[in-house]
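J.: sequence first, predicted coordinates after that:
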Amino acid sequence: IKFSIVTYYFYYIIFSGLDTYYSNMKVVTCIAPVNIAVIKYWGKRDEDLILPLNDSLSGTLSTEFMCAKTSILASPSLQENRFWLNGIEQSFNNRRLESCLKEVKRRANQALPHLNWNISICSKNNFPTAAGLASSAAGYACLVYALATLYEIQGDISGIARIGSGSACRSVYGGWVQWCKGTTSDGGDCIARQIAPASHWPEMRVLILVVNDARKKYSSTSGMRSSVETSQLLKYRASEIVPHRLSEITEAIKNKDFEKFAEITMKDSNQFHAVCLDTYPPCIYMNDVSHCIVDVIHAYNEYKTCNKVAYTFDAGPNACLYLLESEVEEVLSVINYVFSPPTANSEEYVKGLTVSIKTISQK
Ligand code: ADP
Ligand code: DP6
Ligand code: CO
């Protein structure tokens with residue numbers, strides 16, 4: 001009897017200790033998808049608040065193959081804030097990360113007990129980081145969503161994701177999303193909004209062709225800063241071209257007019273890369289394989305006598321192809337014919353406003 005009482009007290013102490021420990025910690029885990037712009041954002045009018053020179057528009061992909069996954073642990077026993085990205089510890093002394101955290105906390109209920117605890121952030125992308133496949137978009141949308149969940153904030157969070165990385169504000173919403181440049185100097189109306197859900201155009205697919213998964217030479221942030229400083233074409237594009245293009249492509253999406261959608265998408269990608277070339281010194285993101293993909297797609301569309309596939313390239317050499325489900329098989333066989341076949345496990349295909357990823361190189 002004596003022994004059992006001692007044992008009971010022993011377990012009581014252990015479990016009540018664990019209970020106190022666990023109730024004193026909070027953990028959230030979120031995933032967020034990438035988005036691929038068809039009207040590109042390139043250039044800021046305010047570097048600190050990340051206010052763009054022009055509106056942009058993108059499709060948010062499904063999360064099956066390309067997403068960021070972020071876990072945040074808050075606990076009073078953490079000595080300091082820490083952040084890991086893809087398994088490697090990063091400095092927490094990062095202005096964008098700190099601004100997002102500060103803004104989410106500002107909007108939280110100040111009586112929340114865990115508001116002042118330190119946090120550990122652990123994030124991982126299941127696709128190449130900083131290779132022009134929108135990792136900053138998925139990454140910051142995920143971080144801000146996880147923080148918003150942790151600190152229980154309500155309402156639109158795209159304006160907070162925006163201060164992490166501009167393109168991230170569009171990944172906060174699914175389907176077809178417009179990022180409005182806004183009119184106020186504090187960025188209050190510089191937010192994203194869904195113009196149509198993915199279900200509006202259920203036949204739409206995206207094929208990602210990974211040409212090179214290495215980190216790009218110039219980050220999007222520094223590339224666009226240099227374009228703002230030196231490119232005359234950028235000014236013309238932002239004020240004279242994009243507003244008209246944006247309303248045209250919105251119409252094309254609403255009417256499910258693929259031909260028009262594809263033409264605008266390709267022209268806008270080409271103009272964005274023309275701005276990069278007009279930057280001095282130029283920031284070149286596309287390579288020979290990227291240009292070869294452009295040629296192949298135009299040849300394919302010509303053969304079909306109308307636009308059946310649209311390419312678009314972000315700040316990197318990798319291609320994103322928008323196409324309808326009915327075209328996927330044929331386009332994949334053309335890609336396989338022209339480029340080296342994908343290595344094992346690199347070809348994946350899913351339904352939804354979805355992704356197929358292929359790693360290719362020139363034959
Ligand atoms: P990309 O074309 O991949 O968006 P960028 O140059 O715009 O490339 O941004 C890459 C940067 O975004 C990374 O160096 C990192 O700072 C940030 N980033 C990428 N993924 C994440 C993530 N999951 N969580 C937080 N930050 C991320
Ligand atoms: C070419 O959003 O990565 O992908 O706001 O400085 O973080 P920062 O830049 P980022 O730029 C994306 C540029 C783009 C076009 C787009 O996604 O609209
Ligand atoms: Co980016």
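T.: Received, thanks. Ligands and ions are numbered 1, 2, ... in the order given.
J.: what residues does the stretch 51-200 of the chain put near ligand 2?
T.: Residues of the stretch 51-200 of the chain found near ligand 2 (CB under 6 Å from any ligand atom) are 56, 134, 136, 165-167. Placement of C-beta: from N, CA and C, glycine included.
J.: out of these, list just those in strands.
T.: Ser56 (DSSP state E).
J.: include neighbour count when you put the residues of the stretch 51-200 of the chain next to ligand 2 into JSON lines, please.
T.: Formatted as JSON lines, these follow (neighbours: other CB atoms under 10 Å):
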{"residue": "Ser56", "neighbour count": "26"}
{"residue": "Ala134", "neighbour count": "31"}
{"residue": "Ser136", "neighbour count": "24"}
{"residue": "Ser165", "neighbour count": "25"}
{"residue": "Gly166", "neighbour count": "25"}
{"residue": "Ser167", "neighbour count": "31"}
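J.: redo the residues of the stretch 51-200 of the chain next to ligand 2 as JSON lines? Include pLDDT.
T.: Listed next are these as JSON lines, based on pLDDT from 0 to 100:
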{"residue": "Ser56", "pLDDT": "99"}
{"residue": "Ala134", "pLDDT": "96"}
{"residue": "Ser136", "pLDDT": "98"}
{"residue": "Ser165", "pLDDT": "98"}
{"residue": "Gly166", "pLDDT": "98"}
{"residue": "Ser167", "pLDDT": "98"}
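J.: give me the subset of the residues of the stretch 51-200 of the chain next to ligand 2 that also touch ligand 3.
T.: Ser136 (CB under 5 Å from the ion).
J.: and the residue of this protein nearest ligand 3?
T.: In the chain, the residue that lies nearest ligand 3 is Ser136 (3.3 Å; CB to the ion).
J.: identify the residues contacting that residue.
T.: 130, 164-165, 167-168, 220 (CB atoms under 8 Å, 6 or more residues apart in numbering).
J.: if we can go back for a sec, from the residues of the stretch 51-200 of the chain next to ligand 2, which two are the most distant?
T.: Ser56 and Ser136 (14.0 Å; CB to CB).
J.: anything in contact with each of these two?
T.: By CB under 8 Å, 6+ apart, the residues touching both Ser56 and Ser136 are Ser167.
J.: which residue is the nearest non-sequential neighbour of Thr230?
T.: In space, and not counting its chain neighbours, Thr230 is closest to Tyr280: 4.3 Å by CB to CB, 6 or more residues apart in numbering.
J.: tell me where the stretch 151-300 of the chain has helices.
T.: For the stretch 151-300 of the chain, applying DSSP state H, counting those that start in this stretch gives helices covering 158-162, 168-171, 220-230, 232-236, 242-254, 258-278, 288-303.
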